[in-house]
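*Asks:* Quick one: sequence and predicted model below, then my questions.
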Amino acid sequence: MTTTTITGISELVTCDDSTPDRLGVRTDTALVVDVGANTILWLGDADHVPATDNRVDLGGRALTPGFVDTHSHLVFAGDRSAEFAARMTGAAYDGGGIASTVAATRAASDDDLRALIAGRMAEMRDQGTTTVEIKSGYGLSVDDEVRALRLAAEVTPETTFLGAHVVPPEYRDRRGDYVDLVTGEMLAAVTPYARWVDVFCEPASPYAFDGEESRAVLEAGRDTGLGLRVHGNQLGHGPGVQLAVAMEAASVDHCTYLSGADVDALADAADVTVATLLPGVEFSTRSPYPDAARLLRAGVSIALATDCNPGTCYSSSMPFMIALAVREMGLTPAEALYAATRGAAKALRRTDIGRIVVGGRADLAVIDAPSYLHLPYRPGVPLVRALDL
């Protein structure tokens, strides 16, 4: 066992719920980490650190849990920057552009996709993200969905089958046949590589899935042993949130358009279903931002994630999501940071990440500043990175 002491911490943000803001900020504190096991062995007074093999001095920088990005689409090829430019001049987003990414992804080799995934994962880590969920959904055939999840599983255990992303062009006039494929042959083939199943439940889009189709996908995934996630209420009011709550999904993501009944349902299900907010999507599509402060007041559990994807938010930056949540969604800096760490870990039903506690994983992010307040205070500045020991 190799042990390392981390000292010189100006502010240790534990996210251990021990203070009213839930961040459990400590000063004059040091950590001891078992490097090989990536586990925190000791946390205490900086003047009474036990002997260790190595020492890392942060020189007065803040230390937080590594960010937990619970919604990303990193397995893709191609470029949709022109689509973004068109939206900035008034074009609406309806999900149709996904087809172009499907074509480019199907045409890419395994090695091409591996290199693209590795680059995006490194980019995330350079911005403080230590846990990433990755969805499929740009293959939309049995072989291509299997390939996407196989490659994703090489870099993260948090893999999500999203064969029900949109109906691919070759099935556009045979929607029922595609749902049967997703819930049958495709699901059986991908299950060895997936932890979760997801569906784009969005009747407002002609390309996505309605409530009944979405329920069929989720029920089939659940029967196979996969955990449930839902894309819901992104383009308009719809059944996604209610379906996610009724089926005890771990997370319902987007939540851009919520009725009072949706908010009440999420509050009642706060111990089970997390509302994962994706402010980068609103930024990139000119959509209204969800009122995250309203959700917290109602008792809803929330998380923040990037939704890094080529169409609606090609950003891998969790610090940018924190800044947007503070500026546009009504969260305090403390609430936003908690949602990007401990709240996001809850959306993955994980207790070993998103906080800094003895026995937990040593997934840590160092801020080149004395306080976590610099995350929203200095948006766009590369202040944060995962701490490598």
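*Replies:* Ah, there it is.
*Asks:* Could you verify that G163 is part of a helix?
*Replies:* No - residue state for G163 (DSSP: H, G, I helix; E, B strand; the rest coil) corresponds to strand; a helix is not indicated.
*Asks:* Chain neighbours aside, what residue packs nearest to it?
*Replies:* V182 (4.3 Å; C-beta to C-beta, 6 or more residues apart in numbering). From N, CA and C alone the C-beta is placed, and that goes for glycine too.
*Asks:* Please tell me I have it right and the one you found contacts A164.
*Replies:* Yes - between V182 and A164 there is a contact under C-beta atoms under 8 Å: 5.2 Å.
*Asks:* can you list residues touching both of the two?
*Replies:* Shared contacts of V182 and A164 (C-beta atoms under 8 Å, 6 or more residues apart in numbering): V217.
*Asks:* What residues of the worst-scoring helix or strand of the chain on mean pLDDT count as buried?
*Replies:* Across the helices and strands of the chain, the lowest-confidence element by mean pLDDT, DSSP states H and E is helix 81-88, at a mean of 89. Burial within helix 81-88, assessed by neighbour count using 16 or more other C-beta atoms under 10 Å, is assigned to E83, F84, R87.
*Asks:* could you list every residue that touches the last one?
*Replies:* For R87, the contacting residues are Y93, S284, T285, R286, taking C-beta under 8 Å, 6+ apart as the criterion.
*Asks:* Ok, the second one next?
*Replies:* Each residue near F84 by C-beta under 8 Å, 6+ apart is listed here: S284, Y314.
*Asks:* Next one: it from H71, what distance?
*Replies:* With distances taken as C-beta to C-beta, to the nearest Å, F84 is found 19 Å from H71.
*Asks:* returning to that earlier point: centre of the chain to the least confident helix or strand of the chain, how far?
*Replies:* Chain-centre distance of helix 81-88: 24 Å, with C-alpha atoms, centre = their mean, to the nearest Å.
*Asks:* Export the helix or strand that it is followed by to CSV, keeping only CA atoms.
*Replies:* Reading on from helix 81-88 to the C-terminus, the next helix or strand found by DSSP states H and E is helix 98-107. Taking Å, rounded to 0.1, in the frame of the first residue of the first chain, the C-alpha atoms of helix 98-107 are listed here in CSV:
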residue,chain,number,x,y,z
ILE,A,98,-29.4,13.3,-34.6
ALA,A,99,-29.7,11.4,-37.9
SER,A,100,-26.6,13.1,-39.3
THR,A,101,-24.6,12.0,-36.2
VAL,A,102,-25.9,8.5,-36.6
ALA,A,103,-24.6,8.3,-40.2
ALA,A,104,-21.1,9.7,-39.2
THR,A,105,-20.9,7.4,-36.2
ARG,A,106,-21.8,4.3,-38.1
ALA,A,107,-19.2,5.1,-40.7
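*Asks:* can you state the direction angle for helix 98-107 and helix 81-88?
*Replies:* Regarding helix 98-107 and helix 81-88, their directions subtend 170 degrees when assessed with axes from the mean of the first three to the mean of the last three C-alpha atoms, to 10 degrees.
*Asks:* What number of residues are in the vicinity of D110?
*Replies:* Per other C-beta atoms under 10 Å, the neighbour tally for D110 reads 10.
*Asks:* For it, list the residues it contacts.
*Replies:* R147, L151.
*Asks:* again with L337
*Replies:* Listed by C-beta under 8 Å, 6+ apart, the contact partners of L337 are V13, C15, L23, T64, I322, Y372, L375.
*Asks:* Restricted to helices, list those.
*Replies:* Secondary structure of the contacts of L337 is defined by DSSP state H; positions in helices are I322, L375.
*Asks:* Let me know the closest of the contacts of L337 to G232.
*Replies:* Checking the contacts of L337 against G232 with C-beta to C-beta, the nearest one is I322 at 22.6 Å.
*Asks:* Surely that closest one is in contact with P376?
*Replies:* Yes - contact status for I322 versus P376: in contact at 5.8 Å, counting by C-beta under 8 Å.
*Asks:* shared neighbours of those two, which are they?
*Replies:* Contact criterion C-beta under 8 Å, 6+ apart; residues bridging I322 and P376 by contacting each: P333, A336.
*Asks:* The two - which one has more neighbours?
*Replies:* Looking at I322 and P376 with other C-beta under 10 Å, you find the greater number of neighbours at I322, namely 27 against 20.
*Asks:* Distance-wise, check the more buried one relative to A85.
*Replies:* In this structure, I322 and A85 are 26 Å apart, going by C-beta to C-beta.
*Asks:* tell me which residues in the lengthiest strand in the chain are buried?
*Replies:* The strand that spans the most residues within the chain, counting by DSSP state E, is strand 54-65. Applying a neighbour-count criterion of 16+ other C-beta under 10 Å, the buried positions in strand 54-65 are V56, L58, R61, A62, L63, T64, P65.
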